[in-house]
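Student: based on what follows, work out the 3D shape:
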Amino acid sequence: MNRQDFYAGKVFDAYRFFGAHPAEEGGIVFRTYAPNAAGVAVIGDFSGWSDIPMEQEYQTGIYSCRVAQAEIGMKYKIRVYKRDGSFIDHSDPYGFGMELRPAHSSIITDLSGYDFHDSEWMDKRENHYDKPLNIYEVHLGSWRTNTSDKNGWYTYSGVADSLIEYVKENNFNYIEFMPLSEHPADESWGYQNTGFFSPTSRYGSARDLMELVDKCHQAGIGVIMDFVPVHFALDDYGLANFDGTALYEYPHNDVGKSEWGSHNFIHSRGDVRSFLQSAANYWLTEYHFDGIRVDAVSRMIYWQGDPSRGVNLITVDFIRKMNEELHSRHRGAILIAEDSTSYPKITEPAARGGLDFDYKWDLGWMNDTLAYFSKVPEERAELYNKLTFSMMYFYNERYLLPFSHDEVVHGKGTIVNKMNGEYEDKFKQARALYAYMITHPGKKLNFMGNEIGQLREWDEKREQDWNLLKYPIHDSFHKFLISLNQLYLTNDAFYEGDYDPSHFKWADCNYEGTCVYVFQRTGKEKRLWLPLIFPRMT
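Tutor: Residues are numbered from 1 along each chain as shown. Next up, the predicted model:
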């Protein structure tokens with residue numbers, strides 16, 4: 001690794017240097033970065049958990065040692081001595097495996113042990129600008145529960161076949177997993193990490209996760225993972241005050257703490273940028289993920305996500321350069337921004353001053369659409385433009401239409417429960433809602449459970465209420481969405497030229513005071529006129 005590039009924030013494979021790696025002469029080489037430490041040691045199974053000192057390269061902050069008796073599968077920690085004489089034991093920031101919470105030792109892991117069989121998929125994958133992209137968002141621990149496991153979890157490889165079969169039957173062609181990197185609290189859903197290079201041990205090993213992705217590819221399903229480069233968990237064994245100082249985070253709480261009670265990354269540091277972009281590259285390279293969905297982009301664009309505090313130009317530059325290089329390294333990889341701001345050029349190429357994402361979540365469309373369908377028909381007439389406004393700005397970015405996990409928790413109600421009316425009426429409204437979603441320009445994303453008319457808000461501790469499918473109204477709704485998804489995947493009018501204004505035309509959107517809309521979608525093979533009428537519950 002080029003040291004100067006690392007300090008300058010230009011390295012994308014720092015994980016190949018730092019961490020724990022087999023040595024040619026035998027044993028394991030450990031390397032870590034702690035520029036302000038008084039000293040560093042490694043402890044683990046191989047030493048009876050006693051110190052083995054690590055030597056610092058001359059004034060570089062890089063510490064290393066080779067431990068002849070260390071082996072793959074052994075647990076270890078990095079012991080960092082502070083300048084006041086105290087010390088703290090950390091998980092390895094670049095560790096490839098960790099113990100199941102609440103334990104937090106790193107585990108020496110060999111990433112070379114799995115042989116992928118997805119070369120045909122990897123050679124042909126693309127960004128889907130003019131292809132259908134129908135994403136099924138999954139929280140792996142609560143999609144289905146495993147009665148033979150005390151925590152109810154399937155392993156990555158153990159759930160692969162049933163998940164793939166379900167996704168294909170429901171006519172989704174991509175899966176997006178909520179964060180699979182290691183995290184201490186189940187309730188954070190993976191969004192407050194302690195192991196940015198460690199697949200969470202809840203669901204098995206690195207090899208298990210590689211097998212899951214590989215099987216998806218062999219079945220023709222793409223796989224995206226949520227990535228969180230904004231903040232990290234406060235736990236003292238993680239990145240917090242790693243070398244006795246604020247190394248990865250801001251030193252001042254006014255910008256150092258997030259609204260979620262976590263530490264904000266300090267993206268102005270080159271070593272931190274190298275860490276984060278290496279993590280993004282790691283998942284795409286070593287696990288063959290087909291893309292990442294970057295969480296909370298607004299918190300990187302603006303200081304604390306607040307436009308009144310101004311644009312964080314250094315972080316914006318970091319995002320742009322990271323995305324540009326990831327695209328260069330990974331042909332066909334999809335980079336998605338979860339961003340609620342009006343900051344321009346999110347999906348514009350870096351060469352034209354953009355942030356170089358492929359897609360941006362259309363949270364405006366989501367909010368307007370759900371607000372419309374929550375109203376009685378008499379009130380909808382006054383909200384007529386809620387369903388037309390999205391096309392006023394749609395071609396500013398490449399938008400993706402999301403009904404995500406964020407919309408089915410914390411008292412918001414599920415998608416079906418947001419609909420106006422009594423029990424049976426809600427399903428009629430939801431069918432109209434999804435017909436509008438599928439025919440509207442833009443790629444699609446639905447959180448697990450939406451497709452069966454889930455009534456209970458999502459809980460990470462419970463599986464989806466699959467027993468609902470015993471009831472005719474849920475079963476018929478599920479079959480309706482399967483058919484809609486099939487229509488979307490097989491009819492080029494619904495995806496060809498998604499981001500070309502010549503492929504969409506309002507036939508009539510001036511029936512204000514009513515609930516009538518008519519528009520045209522045009523593909524290479526088909527042209528469809530689509531009347532949408534939402535006047536009453538029947």
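Student: for the stretch 1-150 of the chain, what spans make up the strands?
Tutor: Listed in chain order, the strands of the stretch 1-150 of the chain (DSSP state E, counting those that start in this stretch) span 19-22, 28-33, 39-44, 52-56, 62-67, 75-81, 87-90, 106-107, 134-138.
Student: please apply the same query to the stretch 151-300 of the chain.
Tutor: Under the criterion DSSP E, counting those that start in this stretch, strands of the stretch 151-300 of the chain are mapped to 174-177, 181-182, 195-199, 222-227, 231-232, 263-264, 291-294.
Student: nearest to Lys428, of the ones you listed?
Tutor: Smallest distance to Lys428 across the strands of the stretch 151-300 of the chain (CB to CB): 28.5 Å, for strand 174-177. C-betas here are computed from N, CA, C, even on glycine.
Student: let me see the contact set for Met391.
Tutor: Contact partners of Met391, counting by CB atoms under 8 Å, 6 or more residues apart in numbering, are Pro441, Phe504, Trp506.
Student: and it, helix, strand or coil?
Tutor: helix (DSSP: H, G, I helix; E, B strand; the rest coil).
Student: show the pLDDT at Met537.
Tutor: According to the prediction, Met537 has pLDDT 45.
Student: what mean pLDDT does stretch 318-326 have?
Tutor: Stretch 318-326 comes out at a mean pLDDT of 98.
Student: then that stretch to PDB, C-alphas only?
Tutor: Taking C-alpha atoms only, stretch 318-326 is exported to PDB below (Å, rounded to 0.1, in the frame of the first residue of the first chain):
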ATOM      1  CA  PHE A 318     -15.300  12.500  -1.100                       C
ATOM      2  CA  ILE A 319     -18.600  11.000  -2.300                       C
ATOM      3  CA  ARG A 320     -18.000  12.100  -5.900                       C
ATOM      4  CA  LYS A 321     -14.500  10.600  -6.000                       C
ATOM      5  CA  MET A 322     -15.500   7.400  -4.300                       C
ATOM      6  CA  ASN A 323     -18.400   6.800  -6.700                       C
ATOM      7  CA  GLU A 324     -16.300   7.600  -9.700                       C
ATOM      8  CA  GLU A 325     -13.600   5.100  -8.700                       C
ATOM      9  CA  LEU A 326     -16.100   2.400  -7.800                       C
END
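Student: which one is Glu325 nearest to, not counting chain neighbours?
Tutor: Closest residue in space to Glu325, ignoring its immediate chain neighbours: Phe12 at 5.9 Å, by CB to CB, 6 or more residues apart in numbering.
Student: what's Tyr191 sitting at in phi/psi?
Tutor: The phi and psi values for Tyr191, taken as degrees, to the nearest 10, are phi -90, psi 0.
Student: how close does the spatially closest residue to Asp110 that is not a sequence neighbour get to Gly95?
Tutor: Nearest non-adjacent residue to Asp110, counting by CB to CB, 6+ apart: Ile72, 4.9 Å away. Distance, Ile72 to Gly95, by CB to CB, to the nearest Å: 13 Å.
Student: the more surrounded of the two?
Tutor: Remark: of Ile72 and Gly95, Gly95 carries more neighbours, 28 against 13, as counted by other CB atoms under 10 Å.
Student: spit out the contact partners of the closest residue to that one other than its chain neighbours.
Tutor: What sits nearest to Gly95 in space, not counting adjacent residues and going by CB to CB, 6+ apart, is Ser106, at 3.4 Å. By CB under 8 Å, 6+ apart, the contact list for Ser106 reads 20, 75-78, 91-92, 95-98, 195, 198.
Student: ok, now how distant is Ser106 from Phe196?
Tutor: Distance from Ser106 to Phe196, by CB to CB: 12 Å.
Student: same question, Glu249
Tutor: From Glu249 to Phe196 the distance is 14 Å (CB to CB).
Student: what do those two both touch?
Tutor: Phe232.
Student: just checking, Phe18 touches Ala34?
Tutor: No: counting by CB atoms under 8 Å, Phe18 stays clear of Ala34, with 10.8 Å between them.
Student: picking that back up, closest one to Ala279 among the strands of the stretch 1-150 of the chain?
Tutor: strand 19-22 (11.6 Å).
Student: just checking: what are the partner strands of the closest one?
Tutor: strand 28-33 (antiparallel) (DSSP bridges).
Student: what domains does the record give for this structure?
Tutor: Domain assignment for the chain by automatic domain parsing gives 3-113, 363-538.
Student: give me the below-cutoff pLDDT ranges for the stretch 351-500 of the chain.
Tutor: Nowhere does the stretch 351-500 of the chain drop to pLDDT under 70.
Student: related to what we said a few turns ago, and which of the contacts of Ser106 is nearest to Trp121?
Tutor: Phe96 (23.8 Å).
Student: residue contacts, the closest one?
Tutor: Contacts of Phe96 (CB under 8 Å, 6+ apart): Tyr15, Gly19, Ala20, Ser106, Ile107, Thr109, Leu111, Phe197, Ser198, Ala206.
Student: what's near enough to touch the third one?
Tutor: The neighbourhood of Ala20, defined by CB under 8 Å, 6+ apart, consists of Ile28, Val29, Phe30, Ala70, Tyr76, Asp92, Gly95, Phe96, Ser106, Ile108, Thr109.
Student: wait, the fifth one touches Met54, no?
Tutor: Put plainly, it is Tyr76. No: if you go by CB under 8 Å, Tyr76 and Met54 don't touch, sitting 11.6 Å apart.
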